[in-house]
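S.K.: structure here, sequence nowhere to be found:
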Ligand code: TRP
Ligand code: ZN
């Protein structure tokens, strides 16, 4: 949504200086093309420079029989530089036409990059609307570590899962976690099927043999957290005791769904007020992707993943990852360490396994020592065991170093400090050292950045 991070700003200024060869010329500067990527350390082409999306209005129609998707993306964005052209990320599908502020825009396509050139340059600071019409059979993407994401067909529909790049398979946009936006997703499907997305259901209507569902997410969302599940689900709407709407979609009625309000209340005690205006879950045991995903407000659970510990993990992500989102894909450990630590806390509070035992098991597991959690060697490693297990160990060592009071204040304070924003590992270190009023260099060097397993687990 709003990306005013000092680093990004400095980079934008640098770019402006190098590409125009002059300084101090801001207003009235001639437009130049926005960057085709945001130089993410693992996915340099992901995202696009020169604008900041505020809102995606996606109007989609899907035919499960043929696998065909027809879409219109109506994107409201703000230009962060004078633009002669800008890019959108889109994998597969065909772009039929595009407009910018109602006027036709030239469309060029090169792989997963769509370049739009409006008739007139956009000025820096302008809010503009671009409407892209597209269709095709959305792709299933196999990511670097071999997991399937993107558009996944099921026996009676499809599920869209977007981490880290799968959201590019079903709508054009700025698909980097640093550009968060509000969403309105309107989906038309054959009557008898459900279509479930993030946020709240604001309307559904059946006309003839088609039903249209509209879902709205007012809080900023990173595109990898957007989801859509189409199929013969049993859907339910209820409320938590504190009044938060709960939307669930599942095959049958798994008993664990009923525990969402209780687990959300437990999470809120530990992590602070729940950051979104609705909750729920999508459970599809027919989809064997091998993982669950913290899709915003409504985590998705694939085959064999709907258990209490994983539910706690995905609910914890609503604070860590979804409300405070990674600045880049290098900061993944900030998502997974907290979500894993939440599982450890759950095992202690609801089971008979002390956090120290979870820590010891993680410490003993060689897989957790393949690389430092804050520096995955390749894109294939951003979801590797150290990001989860060793990331959670970092948090436990932090707890031992600063004491329970400060630690639990940090657990609540961190997502509050960056509510609905983005943050990096550096931001985390700065925040923690300020809250703890301590220099924790040794702790970071050993546990977060060190190559080797320390000989002493209490070091
Ligand atoms: N974030 C998911 C979880 O821990 C796991 C996951 C699925 C993932 N796909 C990914 C992590 C891609 C990183 C990249 O619940
Ligand atoms: Zn996770």
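M.R.: Cool, the structure landed. Worth saying up front: this structure is predicted, and the values here are computed from it rather than measured. Ligands and ions are numbered 1, 2, ... in the order given.

S.K.: how about the stretch 301-450 of the chain: which residue is closest to ligand 1?
M.R.: residue 383 (3.2 Å; C-beta to the nearest ligand atom). Glycine gets a C-beta too; all of them are placed from N, C-alpha and C.

S.K.: tell me what the helix or strand encompassing residue 219 is packed against?
M.R.: Using DSSP states H and E, residue 219 sits in strand 210-221. Contacts defined by 3 or more C-beta pairs under 8 Å, 6 or more residues apart in numbering; DSSP states H and E place strand 210-221 against strand 181-190, strand 194-197, strand 200-207.

S.K.: switch to 6 Å and redo it
M.R.: In terms of contacts (3 or more C-beta pairs under 6 Å, 6 or more residues apart in numbering; DSSP states H and E), strand 210-221 is packed against strand 181-190, strand 200-207.

S.K.: could you say which of those strands is packed most deeply?
M.R.: strand 181-190 (a mean of 21; mean count of other C-beta atoms under 10 Å).

S.K.: so it versus strand 210-221, what angle?
M.R.: For strand 181-190 against strand 210-221, the angle by axes from the mean of the first three to the mean of the last three C-alpha atoms, to 10 degrees is 170 degrees.

S.K.: what helices or strands is strand 181-190 leaning on?
M.R.: strand 51-63, strand 194-197, strand 210-221.

S.K.: which residues touch the second one?
M.R.: This points to strand 194-197. 185, 187, 189, 213, 215, 228-230, 233, 235, 249, 282 (C-beta atoms under 6 Å, 6 or more residues apart in numbering).

S.K.: ok, the closest residue to ligand 2 within the stretch 101-250 of the chain to residue 280 distance?
M.R.: Closest contact between the stretch 101-250 of the chain and ligand 2, by C-beta to the ion, is at residue 163 (9.0 Å). Residue 163 sits at a distance of 18 Å from residue 280 (criterion: C-beta to C-beta, to the nearest Å).

S.K.: so what pLDDT did the nearest residue to residue 363 once chain neighbours are set aside get?
M.R.: With sequence-adjacent residues excluded and distances taken as C-beta to C-beta, 6 or more residues apart in numbering, residue 363 is closest to residue 457, at 4.9 Å. Listed pLDDT for residue 457 reads 93.

S.K.: re earlier: tell me which of the helices and strands packed on strand 181-190 lies nearest to ligand 1.
M.R.: strand 210-221 (14.7 Å).

S.K.: next SSE after the closest one?
M.R.: Next along from strand 210-221, by DSSP H and E: strand 228-231.

S.K.: mind listing the strands that following strand pairs with, and their directions?
M.R.: Neighbouring strands of strand 228-231 in its sheet, by DSSP bridges, are strand 158-161 (antiparallel), strand 194-197 (antiparallel).

S.K.: in its sheet, what does whatever helix or strand comes next after it sit against?
M.R.: Using DSSP H and E, the helix or strand that follows strand 228-231 in sequence is strand 234-239. Applying DSSP bridges to the sheet, strand 234-239 is found paired with strand 245-250 (antiparallel).

S.K.: residue 75: what's it in contact with?
M.R.: By C-beta under 6 Å, 6+ apart, the neighbours of residue 75 are 53, 56, 130.

S.K.: which helix or which strand is home to it?
M.R.: Per DSSP H and E, residue 75 falls inside strand 68-79.

S.K.: what's around the nearest residue to residue 354 once chain neighbours are set aside, how many residues?
M.R.: Spatially, and ignoring its direct neighbours in sequence, residue 354 is nearest to residue 348 (5.4 Å; C-beta to C-beta, 6+ apart). By other C-beta atoms under 10 Å, the residues close to residue 348 number 15.

S.K.: pretty sure residue 285 contacts residue 304?
M.R.: No - using C-beta atoms under 6 Å, residue 285 is not in contact with residue 304; the gap is 7.2 Å.

S.K.: the more surrounded of these two?
M.R.: residue 285 (15 against 12).

S.K.: what about the residue of the stretch 301-450 of the chain closest to ligand 1, neighbour count?
M.R.: For residue 383, using other C-beta under 10 Å, the count is 20.

S.K.: would you quantify the distance from the spatially closest residue to it that is not a sequence neighbour to residue 227?
M.R.: Leaving out its chain neighbours, the residue that sits closest to residue 383 by C-beta to C-beta, 6+ apart is residue 145, at 6.0 Å. Taking C-beta to C-beta as the measure, residue 145 falls 20 Å from residue 227.

S.K.: quick one, what contacts residue 390?
M.R.: Neighbours of residue 390 in contact, by C-beta under 6 Å, 6+ apart: 368, 373.

S.K.: re earlier: next, the buried residues of the strand holding residue 75.
M.R.: Of the residues in strand 68-79, 69-75, 77-79 count as buried by neighbour count, 16 or more other C-beta atoms under 10 Å.
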